[in-house]
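J.: Mind folding the following:
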Amino acid sequence: MSSRSLSTLRRSTGFRLTVWYALVFILSWLVLFSAGFTIVNTSVRSKDQQIVTEMLEKYRVISGNQGVDALIETLKRDQLSHITGGFFVMVKAPDQSLLYLSLPYEWRAVNPSSITDHLAFSEETWVIHSTKKYIPVDGDMTREDELEILGRRLKDGTILQVGYSAELREEFLEKIRNLFLYIMMPVVLLSIAIGAFLAQRFLRPIKELSKAVESVQSGRIDTRVPIQGTDNELKVLAGQFNTMLDRIECLINGMREALDNVAHDLRTPLMRIRAAIENSVISDDTETLREALLDCAEESERISTMLTALMDISEAETGVMKLTYAEFRLAGLLEEIRDLFLYPAEEKYHCLEIHVPAKLSVNADYARIRQVLCNLIDNAIKYTPQNGHITLCATQNDAHLVLTITDTGIGVPAHDLPRIFDRLYRSDKSRAQKGLGLGLSLVKAVITAHKGTIDVNNSPDEGTTFMIKLPNPPKGVPHAARG
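T.: I've put the predicted structure just below:
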């Protein structure tokens, strides 16, 4: 493997996770072994010391009841019967002369004087005596060993010391350490395998997410991340990513549809302009030229209106629309709008009613709210059959100003209702009427820019109600008044 490949592998998240998992596993194994080894060592040492303590107490009682000579005889019998063969036992007279000495089997080759001349005495405290002893089995060599000795001073001043060699315990512990070393390599390999498996399992959702991103970058916006396993942060992330892709796909499809609609709606006025220009070129009649110019002006105005509406919607949706707030009476604005639409309403024999308290005021952009209401009332007049009824009502509570526009028109089909606020969207029923399909999009964008909401209550073939909620201005804040 090249150095570049190794460097890439070391930098990969999977490699790092594998190493971390393996280290944690190995360290956990070391901690568990250390704890277990400590427990075993303590237990064995405690057991050895308990045996020595019981032997020391036994011989102290014999000496107290029968005397030192009886103690010596008992020790000799126990040595012959191998009771004390594995232990160190020493008895010294009050004048420090040696009365009895028995060494453990492992210490037979040790010079007794090296022990008796240098062994310290401490009553009720364990004494550790270390020495080098000759090991004939292993060859001509010496090895360090320890005696752990507990002593008592008898009633007549005689010193009794009993101990044991730590060699057997160390040999037992050495076997445990060797066993640990033997199984350490399989543990390391197992930890690496488990680390790689866990890293692969942990990174699987991220790899799926990465594949999805690469697929989206290549142009496949219909790609989604597979969601598997139990609920966790990565599953939530995958779900959120899929939701984001759904939204992006919806927006892209909407943009494509909007561009198609714009192209279609612009093609008609442009063709009319071109036709008018071509007719004017081949005609010398002044009236024909005048009508051609008027047609061009009308179609240009239509194009300008469409582009202006699109720009207004974009400004409102992106939060950059400039609003000039002022406090004005809503009744005055509605009376102005009713006068504006009075003739179109009378042409279709509509009844246009307004139910608004005379002193009800609103703090908003006067021109934009007028634009919203004009769009909604114009739609109500267009899509309400003759002899219809259109009602404008307004109420106010502590939090909102609620404005409703209700008509008895054709309503909105249920399948069109979720999209009536989309740009350039026109339902099948509305295509018979002249329009750009931008009115309701602009209405929602302006209301949203005012921090308000707009909802639709619809009953096909019976009528539609638009409900607008605008937040009340904070109390005590002065506003420019407008009548």
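J.: correct me, but residue 372 touches residue 443?
T.: Yes - counting by CB atoms under 8 Å, residue 443 is a contact partner of residue 372 at 5.0 Å. C-beta here means a position set from N, CA and C on the backbone, and glycine is covered the same way.
J.: can you give me the strands in the stretch 201-350 of the chain?
T.: 325-329 (DSSP state E, counting those that start in this stretch).
J.: And the helices in it?
T.: Using DSSP state H, counting those that start in this stretch, the helices of the stretch 201-350 of the chain run over residues 233-281, 286-318, 330-347.
J.: Which pLDDT does the model give residue 255?
T.: With respect to pLDDT, residue 255 scores 67.
J.: Name the residue closest to the centre of this structure, please.
T.: Closest residue to the average C-alpha location of the chain: residue 233 at 4.3 Å, with CA atoms, centre = their mean.
J.: Model confidence for it, exactly?
T.: On the pLDDT scale, residue 233 is placed at 71.
J.: From residue 122, how far off is it?
T.: Distance, residue 233 to residue 122, using CB to CB, to the nearest Å: 62 Å.
J.: can I see the domain layout of the chain?
T.: Under the assignment automatic domain parsing, the domains of the chain span 11-176, 233-318, 325-482.
J.: got the ones you listed as JSON lines, with distance to residue 218 columns?
T.: JSON lines is the format used below for those (distance: least, CB to CB, whole Å):
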{"stretch": "domain 11-176", "distance to residue 218": "23"}
{"stretch": "domain 233-318", "distance to residue 218": "14"}
{"stretch": "domain 325-482", "distance to residue 218": "28"}
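J.: any idea which of these is most buried?
T.: Comparing the domains of the chain by mean neighbour count (mean count of other CB atoms under 10 Å), domain 325-482 comes out on top with a mean of 17.
J.: starting at the chain centroid, how far to it?
T.: Centroid displacement of domain 325-482 relative to its chain, using CA atoms, centre = their mean, to the nearest Å, is 43 Å.
J.: ok so residue 390 is a strand residue?
T.: Yes - applying DSSP: H, G, I helix; E, B strand; the rest coil, one finds residue 390 inside a strand.
J.: Let me see the contact set for it.
T.: Residue 390 makes contact with 345, 350-353, 377, 380-381, 384, 405-408, according to CB atoms under 8 Å, 6 or more residues apart in numbering.
J.: from the residues you listed, which single one is nearest residue 284?
T.: residue 381 (42.5 Å; CB to CB).
J.: For the closest one, pull up the helix or strand it's in.
T.: Using DSSP states H and E, residue 381 sits within helix 366-382.
J.: by contact count, what packs against that helix?
T.: helix 330-347, strand 389-396, strand 400-407, helix 439-449, strand 463-471 (3 or more CB pairs under 8 Å, 6 or more residues apart in numbering; DSSP states H and E).
J.: could you check the angle helix 366-382 makes with the first one?
T.: With axes from the mean of the first three to the mean of the last three CA atoms, to 10 degrees defining the directions, helix 330-347 sits at 30 degrees from helix 366-382.
J.: what's helix 330-347 in contact with?
T.: 351-352, 354, 356-358, 360-362, 366, 369-370, 373-374, 377-378, 381, 390, 392, 394, 401, 403, 483.
J.: and what of the last one?
T.: Around strand 463-471, the neighbours that count as contacts under CB under 8 Å, 6+ apart are 362, 364, 372, 376, 380, 383-384, 399-409, 411-412, 447, 450-458.
J.: ok so, going back, closest one to residue 183 among the helices of the stretch 201-350 of the chain?
T.: When those are compared by CB to CB, helix 233-281 sits nearest residue 183, at 34.6 Å.
J.: Packing partners of the top helix by length along the chain?
T.: Of all the segments of type helix in the chain, defined by DSSP state H, the longest one is helix 13-66. When contacts are defined as 3+ CB pairs under 8 Å, 6+ apart, helix 13-66 sits against helix 68-80, strand 87-92, strand 142-153, strand 159-165, helix 167-217.
J.: could you check the angle strand 159-165 makes with the following helix or strand past the second one?
T.: Meaning strand 87-92. Downstream of strand 87-92, the first helix or strand assigned by DSSP H and E is strand 98-102. Angle, strand 98-102 to strand 159-165, by the same axes, to 10 degrees: 20 degrees.
J.: Would you format the helices of the stretch 201-350 of the chain as CSV with distance to residue 470 included?
T.: Below are the helices of the stretch 201-350 of the chain laid out as CSV (distance: least, CB to CB, whole Å):
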stretch, distance to residue 470
helix 233-281, 27
helix 286-318, 14
helix 330-347, 10
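J.: Of those, give the one that comes closest to residue 182.
T.: The minimum distance between residue 182 and those falls on helix 233-281, with 39.1 Å, by CB to CB.
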